[in-house]
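**Student:** Sharing a model that was predicted from the sequence below.
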Amino acid sequence: MSAELDRPRAGERVLRVLRLALHVGFALLLAVAVGRMLLMGPLSWVSFLALLLSAVLAAVYVIGTVAEKRASDGGRGRRALRFDPERHGLAWLGAVTGLWAVLLVLSPDFSWLAFPLFFLQLHLLPLRPALLAVTVTTAAVVAAQWAHAGEFHAAMLLGPLIGAGFAVIMALAYQALYAEVTNQREALDELHRTRAELARSQREQGVLEERGRLAREIHDTLAQGLASIVLMSRSARASLDAGNLETVRERLGTVEETAAENLAEARQFVRNLRGSENGGGSLVDRLERACRSVQERAAAQGQELACSFRLEGVPAALPAPYEVAVLRAVQATLANVLQHASASRAVVTLAFVGRDVTLDIFDDGRGFDPAVERARSGPRHDGSGYGLISIADRVEALGGRMDLESVPGEGTAVGIRLPLPDARQAPADLPASVPGQVPDAGGQGRG
C-alpha cells in the first residue's frame, strides 16, 4: 500500500519541480534581457518603454501563475482569486505573448523568453493550435533577430528551431507524466473509496449476523421460557376461577420454577456474551433434562405427552458450536411440539455415525403442511414462528443439513445431520467458548 501511495506522490513532486523550473527560467531570462539593455549605454525612450513593459509583463505573469496555483489547490484562503484555467488561461497567455511580442520589437534581447513561452503554449493550448503557436513564435524570433541585425545568419534560424523542438519534446513528456500521475491518483482514490465501502459493508454484515445470533439465542432460551410462564399463568387463572386451589398451587410452582430457570439462563446468556465458559454437564445429560422438562410442563398444562431420549453409537466430545446447535434444535422443536402439535409421544434420537452426528426428533401430533410453512418464509408479526428458522440457520452455519417431514394428522419428523470436523482439528481449532454457548438445559425445552 505504501508503494501505491509513493508513486503518485513522486510524480507530483516531479511535476512541481518542472513547473517551478519554468517560472524561475522565465524570471531569469527576463532579468537577463533587462540587464543587458541597461548595460548597453545611455537609456533612450525605447529603453524606458521596454523597462515599463518588462515590469508589466512580470506583474501579469506572476498574477496569472499565483491565481492558477490557488485554483489548483482548491481556492483555499480568503483572498483566493476565482481563476478558471480553462476560461482565463488563454486570455492570460494572450496578454503575456502580446507584451513579449512588443518587447521583441523593441529589443532582440527578449528573444530568449520564447523558450518558456513554448512550454506555456504547449501546456495551455490543444496540441495542433499549440504547435502552430510554437511555429509562429519561432518565426517571430527569427524575423526580429534578422531585422535588428540587418543581415541573416544560420544561427538565427538554428537556435530558435532547436529550442522549439526541445520545448515540444519536453512538453509532451510533461503531459504524459501529468496524465500518468492523474490516472494513478484517480485509481488510488477509487481504491480508497472501494476499501471504505468494503469496510462499511463488512461492519453492516457483522451487525446483521450478530443480530441474527442474538435473535436465535433469545428465542431459544428467554422467549420460550416466558411463553411457558404465560401458559402456566393462564392455566392457573382458569383453575382459580374454577376453585381448584390444588391445581393453582401446582401451576404457580411450575411458574416459579420456570422463572428461576429463565433467570439462570439470562445470567448465563450475559456471561456468554462476555466470553466466559460454561458448565452444565455433558450434552447427553442436557438432552435428557430437556425431554424430562417438556414432559413435566406438558403434565402441568394437562397434556399427556411422553417424551423420551435415545442415544445411538458411542458419544464423542463435540466442539461447543455443535453442542449449541444440537441442544437448541431439541429445545426449539420440543417447544413447538408442546405448543402446537397436541402430540402424545415425542422421541429424540442422537446418533454418532462415523464422522457425522445426527439428530432426529419425532412426534405423533397433528402435523402440518411444510409447503405452507416455507411459503410463510419468516417469523410472524408477533415474533413467533422463529424456531425452524433458528434451527436451519445454526445447522447451515456448521455446514450441516436439516430435513423436515410432516403430514397433517400424521405427525412431524425433524432430521439434522452435522459433519464433524477432523479429529485432529476438533476441538482445538474451534472456539472453546463462544457467545451463546450451551448453558444448563434443565427446563429449556420450551417453544
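**Tutor:** Sure, I can see it.

**Student:** Let's see the helix or strand in which R237 is found as PDB, backbone CA atoms only.
**Tutor:** Per DSSP states H and E, R237 falls inside helix 224-241. Extracted in PDB, the C-alpha atoms of helix 224-241 (Å, rounded to 0.1, in the frame of the first residue of the first chain):
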ATOM      1  CA  GLN A 224     -39.600 -19.900  25.200                       C
ATOM      2  CA  GLY A 225     -39.300 -19.600  29.000                       C
ATOM      3  CA  LEU A 226     -41.600 -16.500  29.100                       C
ATOM      4  CA  ALA A 227     -44.000 -18.200  26.700                       C
ATOM      5  CA  SER A 228     -44.200 -21.200  29.100                       C
ATOM      6  CA  ILE A 229     -44.800 -18.800  32.100                       C
ATOM      7  CA  VAL A 230     -47.700 -17.200  30.200                       C
ATOM      8  CA  LEU A 231     -49.300 -20.500  29.500                       C
ATOM      9  CA  MET A 232     -48.900 -21.600  33.100                       C
ATOM     10  CA  SER A 233     -50.300 -18.300  34.400                       C
ATOM     11  CA  ARG A 234     -53.400 -18.700  32.200                       C
ATOM     12  CA  SER A 235     -53.900 -22.200  33.400                       C
ATOM     13  CA  ALA A 236     -53.600 -21.100  37.000                       C
ATOM     14  CA  ARG A 237     -56.200 -18.300  36.400                       C
ATOM     15  CA  ALA A 238     -58.600 -20.800  34.900                       C
ATOM     16  CA  SER A 239     -58.100 -23.200  37.900                       C
ATOM     17  CA  LEU A 240     -58.600 -20.300  40.300                       C
ATOM     18  CA  ASP A 241     -61.800 -19.300  38.600                       C
END
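
**Student:** In terms of secondary structure, what does the longest helix seen in the chain contact?
**Tutor:** If you go by DSSP state H, the chain has its longest helix at helix 154-218. Applying 3 or more CB pairs under 8 Å, 6 or more residues apart in numbering; DSSP states H and E, one finds that helix 154-218 contacts helix 2-39, helix 114-124, helix 127-149, helix 387-397. C-beta coordinates here come from the backbone N, C-alpha and C atoms, glycine included.

**Student:** returning to that earlier point: now for the helix holding R237, which elements pack on it?
**Tutor:** Using 3+ CB pairs under 8 Å, 6+ apart: helix 224-241 touches helix 245-273, helix 283-300, helix 320-336.

**Student:** So R417, which state does it fall into?
**Tutor:** Here R417 is recorded as strand under DSSP: H, G, I helix; E, B strand; the rest coil.

**Student:** What is the burial count for it?
**Tutor:** Taking other CB atoms under 10 Å as the criterion, the count of residues near R417 is 16.

**Student:** And G302, by the same measure?
**Tutor:** Other residues near G302 come to 11 when the count uses other CB under 10 Å.

**Student:** State the number of residues packed around the closest residue to it other than its chain neighbours.
**Tutor:** Leaving aside its chain neighbours, G302 sits nearest to S235 (7.2 Å; criterion: CB to CB, 6 or more residues apart in numbering). Counted by other CB under 10 Å, the residues lying close to S235 total 19.

**Student:** Next, work out how far apart S235 and A397 are.
**Tutor:** Distance, S235 to A397, using CB to CB, to the nearest Å: 37 Å.

**Student:** now do Q303
**Tutor:** From Q303 to A397 the distance is 33 Å (CB to CB).

**Student:** returning to what we had before: by mean pLDDT, show me the worst of the helices and strands packed on helix 224-241.
**Tutor:** Sorting the helices and strands packed on helix 224-241 by mean pLDDT places helix 245-273 lowest, at a mean of 75.

**Student:** That helix: how far from the chain's middle?
**Tutor:** 43 Å (CA atoms, centre = their mean, to the nearest Å).

**Student:** Off-centre distance for stretch 167-185?
**Tutor:** Counting by CA atoms, centre = their mean, stretch 167-185 comes out at 34 Å from the chain centroid.

**Student:** tell me which residues of that stretch are tucked away?
**Tutor:** A167, V168, A171, Y174, Y178, V181, Q184 (16 or more other CB atoms under 10 Å).

**Student:** Can you tell me the element T349 falls in?
**Tutor:** Short version, using DSSP H and E: T349 is in strand 345-353.

**Student:** Partner strands of that strand, with direction?
**Tutor:** For strand 345-353, the pairing partners within the sheet under DSSP bridges are strand 306-312 (parallel), strand 356-363 (antiparallel).

**Student:** Using CSV, write out the CA atom coordinates for that strand.
**Tutor:** What follows is strand 345-353, C-alpha atoms only, in CSV (Å, rounded to 0.1, in the frame of the first residue of the first chain):
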residue,chain,number,x,y,z
ARG,A,345,-45.5,-39.0,22.2
ALA,A,346,-42.2,-37.5,21.2
VAL,A,347,-38.8,-39.2,20.7
VAL,A,348,-35.4,-37.5,20.5
THR,A,349,-32.6,-39.7,19.0
LEU,A,350,-29.0,-38.6,19.0
ALA,A,351,-26.7,-40.8,16.9
PHE,A,352,-22.9,-40.8,16.2
VAL,A,353,-22.3,-42.3,12.8
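
**Student:** tell me the mean pLDDT for that strand?
**Tutor:** 93.

**Student:** Flag every buried residue along it.
**Tutor:** Using 16+ other CB under 10 Å as the test for burial, strand 345-353 gives A346, V347, V348, T349, L350, F352.

**Student:** ok and that strand relative to helix 320-336, angle-wise?
**Tutor:** 160 degrees (axes from the mean of the first three to the mean of the last three CA atoms, to 10 degrees).

**Student:** Strand 345-353 relative to helix 283-300, how many degrees between them?
**Tutor:** Relative orientation of strand 345-353 and helix 283-300, computed by the same axes, to 10 degrees: 170 degrees.

**Student:** related to what we said a few turns ago, export the buried residues of stretch 167-185 as CSV, with columns for distance to L263 and pLDDT.
**Tutor:** Below are the buried residues of stretch 167-185 laid out as CSV (distance: CB to CB, whole Å; pLDDT from 0 to 100):
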residue, distance to L263, pLDDT
A167, 86, 74
V168, 86, 79
A171, 81, 74
Y174, 76, 70
Y178, 71, 72
V181, 66, 76
Q184, 62, 80
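
**Student:** sorry, back to before: quick one: the helix holding R237 to chain centroid distance?
**Tutor:** That offset, for helix 224-241, works out to 48 Å (CA atoms, centre = their mean).

**Student:** I'd like the mean pLDDT over it, please.
**Tutor:** Helix 224-241 comes out at a mean pLDDT of 78.

**Student:** Buried residues of it, list them for me.
**Tutor:** Using 16+ other CB under 10 Å as the test for burial, helix 224-241 gives Q224, G225, A227, S228, I229, L231, M232, S235, A236, S239.

**Student:** now do stretch 188-197
**Tutor:** Here stretch 188-197 shows L188 as buried, counting by 16+ other CB under 10 Å.

**Student:** pLDDT at G165, what is it?
**Tutor:** For G165, pLDDT reads 79.

**Student:** For burial, what's the neighbour tally of N262?
**Tutor:** If we define neighbours as other CB under 10 Å, then N262 has 21 of them.
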